[in-house]
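[1] how would this look folded up:
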Amino acid sequence: MSIGRSMRLVFGNRQFLALLFALLAAMPALANPYVLFVCTLAMLYIVLATGLNILVGYAGQFALANAAMFGIGAYGTALLQVRLGLPYAAAAPGGAVLAMLIGTAITLPALRLSGIYLALSTLAFAMFSQWVLLHWNSVTFGAGGFAVPHLDLSPLPIGPDIGIYYLSWAVSLALVVFAWSLMRSRIGRAFVAVRDGEIAAQALGINLLRTKALAFAISGFYAGAAGALYAPLLGYVSPEGFDLFQMIIQKSMIVVGGMGSVVGSVIGAIVMVAVLEILREFKSTQEIVFGGLLIAFVVWRPRGIVAALQRMPGWDEPLSRYSRPRDIAPQPVPAVADRTSRSEVDSAALAAAERPR
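    Presented below is the predicted three-dimensional model:
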């Protein structure tokens, strides 16, 4: 076995993710209910950050509607239970699919817009969604929100708190593995091609509409799935949980963890949830701290925390935005070739100058 393969088996990012989720699986036997709640919240944000990184970090679509998709998933799941009396097993997929469908519809302006213009159009959609949740009283119960039924896993002998914890664990693990596999597939390479240059991607035969629609749909499904887990976790939904600050939290996660990195999404979500819990008693300073963290990472650490981990031997991630080969060093251009090319150019210029006019 080669040294590189041995180091990859010890320090690889697959081992990091396996160790992390194994620790989370054992957490109910080790921690109190408060720590379990925080861990469940962290797993929900892992799902959110991973879906947002697929859209922004890999597909290069600078959208600001992820908080709205998160709210649509939570409200869709809760309203299907409260209004229609559906069980959670049917309401949760319905809320996730609803967020995915609405996320796909946002693709239409994405075809014509990019950069800051796409960000402003999706931000307008997010503000409109917030207004609907606040003022459509006959459906959404208005600004006061409403209570959500507790998760019932009968006949399994599991309480609602442990049940939502392990359900969040299973969903987050499945979606992280799916994102990892997706980035290694033809679809992931198409996302990166669109991010790096739409004209070049079209020249390679990539359908921009289909690729962008798929990126928005996947991101919307991830946000909707997180919302479907968020509603029974809190037992209550209200519009203030899906405002602009929620979008700032999610953006901070992928910037701090690392853009275009699945593992960066996981790390960023855990770090920012920890910061949220530390600042819970100082709620008025949360916006200031998050803004300062965003500025600090954009200026001094634009590649996120994962950039430091990518220097470890054996760390390999599919289509990471900043990954580069470590084994092949760039070869300097021989000086002889430079002199030869220069002499050829000089000879050609001299011959052109001496040519009779």
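[2] ok, Pro93 - contacts?
    Shown in contact with Pro93 (CB atoms under 8 Å, 6 or more residues apart in numbering): Ala228. All C-beta spots, glycine's among them, are computed from the backbone N, C-alpha and C.
[3] do you know the pLDDT at it?
    According to the prediction, Pro93 has pLDDT 93.
[4] remind me which helix or strand it belongs to.
    helix 88-105 (DSSP states H and E).
[5] for the residue nearest to Thr50 when sequence neighbours are not counted, what are its contacts?
    The spatial neighbour of Thr50 that comes closest, neighbours along the chain excluded (CB to CB, 6 or more residues apart in numbering), is Ser265 at 4.3 Å. Contact partners of Ser265, counting by CB under 8 Å, 6+ apart, are 46, 49-50, 52-53, 57, 179, 253-254, 257-258.
[6] could you do Pro155 as well?
    Applying CB under 8 Å, 6+ apart, no residues qualify as near Pro155.
[7] and if you look at the one 3 residues further on?
    For Ile158, the set of contacting residues under the criterion of CB under 8 Å, 6+ apart consists of Tyr166.
[8] verify the stated contact: Phe297 with Val255.
    Yes. Contact status for Phe297 versus Val255: in contact at 5.3 Å, counting by CB atoms under 8 Å.
[9] more crowded one of these two?
    Remark: of Phe297 and Val255, Val255 carries more neighbours, 26 against 19, as counted by other CB atoms under 10 Å.
[10] tell me the pLDDT at the more buried one?
    90.
[11] surely it forms part of a helix?
    Yes. According to DSSP: H, G, I helix; E, B strand; the rest coil, Val255 belongs to a helix.
[12] isn't it up against Val306?
    No. With contact defined as CB under 8 Å, Val255 does not reach Val306; the gap is 11.1 Å.
[13] for Ala31, which three-state class applies?
    Per three-state DSSP, Ala31 ends up coil.
[14] burial of it, as a residue count?
    13.
[15] please apply the same query to the one 3 residues further on.
    Summarising burial for Tyr34: neighbours were counted as other CB under 10 Å, giving 9.
[16] repeat for the one 3 residues further on
    Residues within reach of Phe37, counting by other CB under 10 Å, total 17.
[17] and Ala174, by the same measure?
    Counted with other CB under 10 Å, Ala174 comes out at 12.
[18] host element of it?
    helix 160-183.
[19] got the angle between that helix and helix 88-105?
    40 degrees (axes from the mean of the first three to the mean of the last three CA atoms, to 10 degrees).
[20] and the closest residue to Met259 other than its chain neighbours, how many residues sit next to it?
    Spatially, and ignoring its direct neighbours in sequence, Met259 is nearest to Gly57 (4.0 Å; CB to CB, 6+ apart). The tally of other residues near Gly57 (other CB under 10 Å) stands at 29.
[21] look up how far Val132 lies from Gly57.
    The gap separating Gly57 from Val132 is 29 Å, by CB to CB, to the nearest Å.
[22] got it, and Trp300?
    For Trp300, the distance to Val132 - CB to CB - is 39 Å.
[23] among these two, which residue is more densely surrounded?
    Using other CB under 10 Å as the criterion, Trp300 and Val132 rank with Val132 on top: 16 against 7.
[24] can you tell me which helix in the chain is longest?
    Longest helix of the chain, by residue count under DSSP state H: helix 208-234.
[25] helices or strands next to that one in the packing?
    When contacts are defined as 3 or more CB pairs under 8 Å, 6 or more residues apart in numbering; DSSP states H and E, helix 208-234 sits against helix 33-53, helix 66-82, helix 88-105, helix 107-112, helix 160-183, helix 186-196, helix 198-203.
[26] and the fourth one, what's its mean pLDDT?
    Read it as helix 107-112. Here the average pLDDT along helix 107-112 is 73.
[27] how far away from the center of its chain is that helix?
    Chain-centre distance of helix 107-112: 20 Å, with CA atoms, centre = their mean, to the nearest Å.
[28] start the count at 52, not 1, going forward
    New numbering, starting at 52: the last item is helix 158-163.
[29] which helices and strands does that helix pack with?
    helix 167-186, helix 259-285.
[30] great, nothing more from me.
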